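**Q** Predicted model follows, preceded by the sequence.
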Amino acid sequence: MLNLNNFRHGDLCLIGIDKVPEGLKESKTNIIMKGSNNNPHIVKNGKLYLQNKGDYIIGYLEAGKKCVLLHKEHGKIIRGRTLREANIKEGVYELRCQMEHTNKSMKRVVD
């Protein structure tokens, strides 16, 4: 069944899809990407499949139960923690860099 959940997490976008494409291997890191100011987007309770497919698709996430994204600037403030937390629904997501259109071209969002 198609997962229609989509999330924006600063300069990262998660697009709900049916399944991870075949042939990808699970990444050994839990860092999806580093955004502006070199702050990492970190995943807990999920499996990452990172790749470089063009300029904008950076990989895939299988979000398990209680999956969260951690980041310094995005998400709910948790008392006593330096990183904010965003809950992600269980499912499979394509990971993309956010884009913005200018009068001349498309470019990556810098937040």
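**A** Received, thanks.

**Q** Now Leu14: which helix or strand?
**A** strand 12-17 (DSSP states H and E).

**Q** And the strands in the protein?
**A** In the chain, strands defined by DSSP state E lie at 6-9, 12-17, 31-34, 40-53, 57-71, 84-88, 91-97, 99-101, 106-108, listed in chain order.

**Q** out of those, deepest packed?
**A** Each of the strands of the chain was scored by mean neighbour count; the highest is strand 91-97, a mean of 21, by mean count of other C-beta atoms under 10 Å. In short, each C-beta sits where N, CA and C put it, glycine included.

**Q** tell me the angle that strand makes with strand 12-17.
**A** Strand 91-97 and strand 12-17 meet at an angle of 140 degrees, taking axes from the mean of the first three to the mean of the last three C-alpha atoms, to 10 degrees as the criterion.

**Q** contacting residues around strand 91-97?
**A** Strand 91-97 is contacted by residues 3, 5, 7, 11-20, 32-33, 50, 55-63, 108-109 when judged by C-beta atoms under 8 Å, 6 or more residues apart in numbering.

**Q** ok, 6 Å please
**A** The contact list for strand 91-97, computed with C-beta atoms under 6 Å, 6 or more residues apart in numbering, reads 3, 5, 13-17, 19-20, 56-63, 108.

**Q** Check stretch 19-32 too.
**A** 40-43, 47-50, 60, 92.

**Q** Any stretches of the chain with poor pLDDT?
**A** Applying pLDDT under 70 to the chain flags residues 1-4, 8-10, 36, 53-55, 74-75, 79, 98-111.

**Q** Please report how far the closest residue to Ile78 other than its chain neighbours lies from Asp11.
**A** Residue nearest to Ile78 in three dimensions, not counting chain neighbours: Glu85, with 5.2 Å by C-beta to C-beta, 6 or more residues apart in numbering. Per C-beta to C-beta, to the nearest Å, Glu85 is found 18 Å from Asp11.

**Q** Mind putting the contacts of stretch 19-32 into TSV with distance to Ile77?
**A** Listed next are the contacts of stretch 19-32 as TSV, based on distance: C-beta to C-beta, whole Å:
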residue	distance to Ile77
Pro40	18
His41	17
Ile42	16
Val43	19
Lys47	27
Leu48	25
Tyr49	30
Leu50	28
Tyr60	28
Val92	28
